[in-house]
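Novice: From the sequence below, what's the structure:
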Amino acid sequence: MRLPVRHISGHLIWTTAATVWAVWRVDTENYTHASKSTKRERLDSLEALFKSLRGEALLLSLCPSVDAASVVTRMTAGVDLDASPEYVDLALKVLDQLQDLELTGRVDFLAVPLPHLDFKQSSRAVLSSLQVEVMGALGLPVAPISVAEERQRLEQANRLAAGWPSGIKMRPATEAEILWIYGHSARRGLSEPLLPEDGAPRALRGRGHTVTAHTQVILDEGGRGTRSSKGPTN
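Specialist: Coordinates of the predicted model:
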């Protein structure tokens, strides 16, 4: 299966369909024990945000796998373990228990297509996408997106986000998070990659051609060799 990704830079995705998407990570604080008024305020802010969007915007609410060791690491952060042997024993017991569980979290991303600014830009994007398809079919290298276009689209995304309601906290997604979204969609539940922690290093080296390695996805049937040979059941 071929993913429709041509180029990734920052929180922007150039697709093979002559479109550019900008991706933001939405703040996902735990509102389980929040008051009704706080929950209502967040709901109203989300509603105002969606009403201000134009085009086929996507709200991706995903469940990443959580590493048990990372949970215990956060639990013991700031604790003097040398002076708290009982807490060390407790942490190890918690780790043993969590390793037997399927741990997941919740993370939200907002993806918005950036409209073409004029007919010239639209025509150039269509011709460039056609060139990518033809050159890719022939196995020939394709010229990367120019730095000038990257800068222009980044400024466009910043202007777009500046006009949104301020009630919802968001930040531009990282390249590592974008690559995780694609990896998660293809492999969820089957040794899927862990969601990169905040501050993770830049996931891509160089520009342009290095991203093509992420446009090919090999899909295999889940659970091969672990289920009985009787076939799938409903």
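
Novice: and residue 6, helix, strand or coil?
Specialist: Secondary structure state of residue 6, per DSSP: H, G, I helix; E, B strand; the rest coil, is strand.

Novice: how about the helices in this structure?
Specialist: Assigned by DSSP state H, the helices in the chain fall at 36-52, 68-75, 85-98, 119-137, 147-162, 175-187.

Novice: mind listing what's buried in the third one?
Specialist: Within helix 85-98, the residues that qualify as buried by neighbour count (16 or more other CB atoms under 10 Å) are 91, 95, 98. Any C-beta I mention is one placed from the backbone N, CA and C, and that applies to glycine too.

Novice: out of these, which one sits closest to residue 53?
Specialist: Residue 53 lies nearest to residue 98 out of the buried residues of helix 85-98, by CB to CB, at 38.1 Å.

Novice: just to revisit the earlier point, of the helices of the chain, which is nearest residue 7?
Specialist: Using CB to CB, the helices of the chain put helix 147-162 closest to residue 7, at 8.4 Å.

Novice: Now do that closest one against helix 36-52: the angle between them, please.
Specialist: Using axes from the mean of the first three to the mean of the last three CA atoms, to 10 degrees, the direction of helix 147-162 lies 130 degrees away from that of helix 36-52.

Novice: what mean pLDDT does helix 147-162 have?
Specialist: Mean per-residue pLDDT for helix 147-162: 91.

Novice: what sits up against that helix?
Specialist: When contacts are defined by CB atoms under 8 Å, 6 or more residues apart in numbering, helix 147-162 is touched by residues 9, 10, 11, 12, 20, 22, 24, 112, 114, 117, 170, 172.

Novice: just the buried residues of helix 85-98: which has the poorest pLDDT?
Specialist: When the buried residues of helix 85-98 are compared, residue 98 shows the smallest pLDDT, 76.

Novice: which one is it nearest to, not counting chain neighbours?
Specialist: Nearest residue to residue 98 in three dimensions, chain neighbours excluded: residue 68, at 3.8 Å (CB to CB, 6 or more residues apart in numbering).

Novice: Also residue 24?
Specialist: residue 170 is the one closest to residue 24 (CB to CB, 6+ apart), at 4.3 Å.

Novice: Out of the helices of the chain, which is closest to residue 16?
Specialist: Of all the helices of the chain, helix 119-137 comes closest under CB to CB, at 5.6 Å.

Novice: and the closest one, how far from the chain's centre?
Specialist: 25 Å (CA atoms, centre = their mean, to the nearest Å).

Novice: Going forward, count from 46.
Specialist: Done: numbering now begins at 46, and the last item shifts to helix 164-182.

Novice: what angle separates it from helix 192-207?
Specialist: Going by the same axes, to 10 degrees, helix 164-182 makes 120 degrees with helix 192-207.
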